[in-house]
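Peer 1: Task: produce atomic coordinates for the following.
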Amino acid sequence: FTVTGAISGAAADSDVNTINIIGGNTITFATAMTANVDAINITSATLSNAGGGDIIAPTITLSGTSAALQLAAAGNVTGDVQGAGTLNVDADAIVVGNIGSSTALTAIDTAANVTLTVDATTADVVVASGSILVNDGGVDDGIIFAPQANTITVNNTIKTATATQGQIIVQDTGNVTFNDIGESGTAFGLVTIGDATANALVTAAGNIYATNLTMDGGTIMNITGASKTVSAVMEGIAAGEGTIDMVSGATTTFTGNIGATNRMAKFEISSGATATMGGTSLDATDISIDGTLIVTDTVTIGDGSSVVDLAAAAGSTVKLTAASYTNNIVIDANAANTTLDAAGTVTVEVDSRLAVGTTITLVDGDTGNALVAGDFSATSTGIRTYTISKNTNDIDLVITKKSAADAAATLGVTEAAAGAMDSGND
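Peer 2: Below is the predicted model of the structure:
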């Protein structure tokens with residue numbers, strides 16, 4: 001069934017102008033709507049704009065899992081889309097309003113080579129749907145979030161149908177909060193935050209599974225929540241762009257390089273936050289570690305323009321959780337001009353699997369290394385002693401074994417028992 005004329009409601013009157021679409025059919029609006037329709041109700045049917053373009057109503061309610069709003073032609077939807085139905089995006093479209101805020105949608109599906117723009121021009125926006133799926137055969141289409149000066153909150157996981165495909169873009173100067181982006185094993189192709197003219201603020205409250213994540217200008221990404229993973233290779237659009245801040249309470253594992261090609265503006269592990277990384281690069285104009293850094297293998301700071309504060313005035317913690325490190329180096333910051341210092345004390349926690357007699361280079365520095373041995377503290381255990389010293393531009397940690405007598409006295413056990421406790425790593 002096709003409606004060929006333009007639909008509008010009577011202006012400035014007390015009547016409620018409602019369009020009800022029912023009964024399992026597909027209704028096509030062949031001409032763009034104008035204004036003054038108060039509500040559109042779609043019950044077990046499909047409304048398509050295949051011939052028209054814009055759909056305008058304060059509320060568009062989908063009732064029943066077979067109910068659908070099909071955006072088959074380019075155009076705008078101005079109004080809140082809600083209810084237990086599906087939003088099918090088969091052509092480039094813009095939704096100016098909430099999507100599933102009062103009642104979550106069943107699904108949002110974007111077709112290949114199509115981009116859905118979620119626009120918060122008029123007010124804050126919530127996106128909620130049991131499934132949000134991007135179907136794209138490249139990394140040039142997907143979903144654009146345009147908060148303008150407002151806030152967009154995405155309550156559910158955004159998935160890509162094909163691993164390493166699909167794109168998510170955040171524009172404008174407002175705030176966007178995400179749940180999970182991508183899935184383990186099915187990562188997005190590209191996440192882009194910011195544009196050349198505006199600096200967005202993103203809160204990443206979930207996992208980010210993506211091949212690449214780029215940040216422009218003064219954009220900021222705050223990472224929150226416990227037990228999260230960020231798999232993306234993260235870069236500035238140009239060197240010195242984009243800030244990543246792990247806020248207090250965040251515990252995140254980073255498995256991709258950070259700023260290896262275009263360093264970030266800033267990377268901060270705030271007090272009370274924990275970052276885990278290893279075998280990867282970390283480069284930013286300003287690197288500040290106020291919380292805990294868990295190092296599973298060598299972390300390379302390879303950009304000579306990076307300035308590193310390994311501990312704020314209140315101190316930080318660096319945990320060594322591997323049985324060995326590449327070339328026995330924990331932090332490789334040997335790039336020329338890399339500046340290293342610590343305002344407070346770096347507490348080093350040492351994995352018991354590291355062999356006695358091993359010299360571990362905690363920081364392999366260059367002439368810009370202003371760190372001294374006194375900036376570090378490693379508490380000796382009942383059976384081991386850790387000695388930290390500065391050798392030229394490096395900070396080294398030497399692991400030695402206490403005598404059986406000293407260990408026995410410390411632990412309150414026999415010498416034989418004390419000697420057996422560390423026999424596996426002699």
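
Peer 1: buried ones in stretch 23-38?
Peer 2: Of the residues in stretch 23-38, those buried by neighbour count under the rule 16 or more other C-beta atoms under 10 Å are 27-33, 36-37. Bear in mind the C-beta positions are built from the backbone N, C-alpha and C, glycine included.

Peer 1: Which ones among those map onto strands?
Peer 2: When those are checked against strands (DSSP state E), the matches are 27-29.

Peer 1: Test my guess that A226 contacts T251.
Peer 2: Yes - under the criterion of C-beta atoms under 8 Å, A226 makes contact with T251 at 4.8 Å.

Peer 1: neighbour-wise, which of those two wins?
Peer 2: When neighbours are counted by other C-beta atoms under 10 Å, T251 comes out ahead of the other of A226 and T251, with 18 against 9.

Peer 1: Would you check how far apart the more buried one and S184 are?
Peer 2: Here T251 is placed at a distance of 17 Å from S184 (C-beta to C-beta, to the nearest Å).

Peer 1: just G344 next, same as before
Peer 2: G344 is 36 Å from S184, by C-beta to C-beta.

Peer 1: okay, the two: which has more neighbours?
Peer 2: Neighbour totals were compared for G344 and S184, and G344 leads with 16 against 10 (other C-beta under 10 Å).

Peer 1: could you list every residue that touches the more buried one?
Peer 2: When contacts are counted by C-beta atoms under 8 Å, 6 or more residues apart in numbering, G344 touches 311-316.

Peer 1: at 10 Å instead, please
Peer 2: Taking C-beta atoms under 10 Å, 6 or more residues apart in numbering as the criterion, G344 is in contact with 289-290, 309-316, 375.

Peer 1: Where does the prediction get shaky in the chain?
Peer 2: 10-15, 418, 422-426 (pLDDT under 70).

Peer 1: Quick one: the helices in this structure, in order.
Peer 2: Defined through DSSP state H, the helices belonging to the chain, from first to last, are 404-411, 415-421.

Peer 1: closest one to M264 among the ones you listed?
Peer 2: When these are ranked by distance to M264, counting by C-beta to C-beta, first place goes to helix 415-421 at 43.3 Å.

Peer 1: from what I can see N76 touches D119, true?
Peer 2: Yes - with the criterion set as C-beta atoms under 10 Å, N76 and D119 qualify as a contacting pair; they are 8.2 Å apart.

Peer 1: tell me, what's touching those two both at once?
Peer 2: Shared contacts of N76 and D119, defined by C-beta under 10 Å, 6+ apart, are found at 94-97.

Peer 1: Which members of the residues you listed are positioned in strands?
Peer 2: Per DSSP E, the shared contacts of N76 and D119 map to strands at 94-96.

Peer 1: Could I get these in TSV, plus columns for distance to V3?
Peer 2: Below are these laid out as TSV (distance: C-beta to C-beta, whole Å):
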residue	distance to V3
I94	22
V95	21
V96	22
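
Peer 1: Of those - the most surrounded one?
Peer 2: Tallying neighbours with other C-beta under 10 Å puts V95 at the head of these, with 25 neighbours.

Peer 1: so what's the residue nearest to that one when sequence neighbours are not counted up against?
Peer 2: Closest residue in space to V95, ignoring its immediate chain neighbours: V77 at 4.6 Å, by C-beta to C-beta, 6 or more residues apart in numbering. Contacts for V77 were tallied using C-beta under 10 Å, 6+ apart; they are 33, 49, 53-57, 60, 69, 71, 87, 89, 93-97, 99, 116, 119.

Peer 1: All set now, cheers.
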